[in-house]
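Chemist: After the sequence you'll find the predicted model.
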Amino acid sequence: MSQPAPEPQAIAIALDPISLVLHASGPVFVVFWSLVLAAVVVWIVTVLKLLQLRRLRTAEERFEAEAALATDAGSLFVAAQRNAASPGGRVVLELAKRAGNHKLLDSIAKRALVTEQQRAGSFMSMLASIASAAPFVGLFGTVYGIMDAFLRIGQQKSASLPVVAPAIGEALIATAVGLVAAIPAVIAYNALNKRIDDLLGPLEASADGWVALTASAPPVAPPSMHPPIDPAMPPAPQYFPAY
């Protein structure tokens, strides 16, 4: 009589996080490393945004101190040129191009403020996306790991711990890494958004005063590429007849 085929044995996997990740099934493996990359991106973006906002804050405080002493549009424009890297300085430089029309200056100031909001809010959408999507990506890895555990139970015809523990362990690790990526992203987004509001709030309040001060000044024309014409000079000779 032929001997019955031996039942497949579960592969022995050490039940520690590193071994579970290294021996994880394909989808869980991809989910895990995607979330690790997202967590690294969160910290990189947070550090870069902190440095950017600190630089903008320092430049804006320096410009605000000089602009507070300006008594006319000319001195305001000079302060803006000296602090062209500040958000307020860039707004005033945009106003200097179209001085004289209060309604037009108001719309230019609003457009310049929108540009500064976009500059200060760069990469914030990335933090918001990671904060909202990372838990669900980790949940996908969890669902797949639990499904894999049930498939192993069916294949091994056993619900013993060595059969289901690896799949359940890697599923829970995927959930944990999703939270590791999402929680710092939420905290960083709220903290950076508060700093952006603190930076641009006073700027919006000061823009009305800059518009009023700039409205009384003549527009700053760009330098001409041709020398001025002296009316006392005779006209240049014409070598071709005029038609």
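Modeler: Everything's here; your move.
Chemist: CA atoms for contacts and neighbours, from now on please.
Modeler: Will do.
Chemist: Just give the nearest non-adjacent residue to the residue nearest to the spatial centre of the chain, would you?
Modeler: Central residue of the chain (Cα atoms, centre = their mean): residue 123, 1.0 Å from the mean position. Leaving out its chain neighbours, the residue that sits closest to residue 123 by Cα to Cα, 6 or more residues apart in numbering is residue 45, at 7.1 Å.
Chemist: count of residues packed around that neighbour?
Modeler: Residue 45 has 18 neighbours, counted by other Cα atoms under 10 Å.
Chemist: Just the element for it, please.
Modeler: Using DSSP states H and E, residue 45 sits within helix 26-67.
Chemist: swap in residue 70?
Modeler: Using DSSP H and E, no helix or strand contains residue 70.
Chemist: Might you report the residue contacts of it?
Modeler: For residue 70, the residues meeting the contact criterion (Cα atoms under 8 Å, 6 or more residues apart in numbering) are residue 76.
Chemist: Quick one: the helices in this structure, in order.
Modeler: Under the criterion DSSP state H, the chain contains helices at 17-22, 26-67, 73-82, 87-96, 102-120, 124-156, 161-214.
Chemist: Please name the residues that touch the closest residue to residue 95 other than its chain neighbours.
Modeler: Setting aside the residues directly before and after it, residue 95 is nearest to residue 105 in space (Cα to Cα, 6+ apart), at 6.1 Å. Counting by Cα under 8 Å, 6+ apart, residue 105 makes contact with 95, 98, 99, 211, 215.
Chemist: Lowest-confidence entry in the residues you listed?
Modeler: The lowest pLDDT within these belongs to residue 99, which sits at 62.
Chemist: which of the helices of the chain sits most buried?
Modeler: helix 87-96 (a mean of 24; mean count of other Cα atoms under 10 Å).
Chemist: Fine by me, thanks again.
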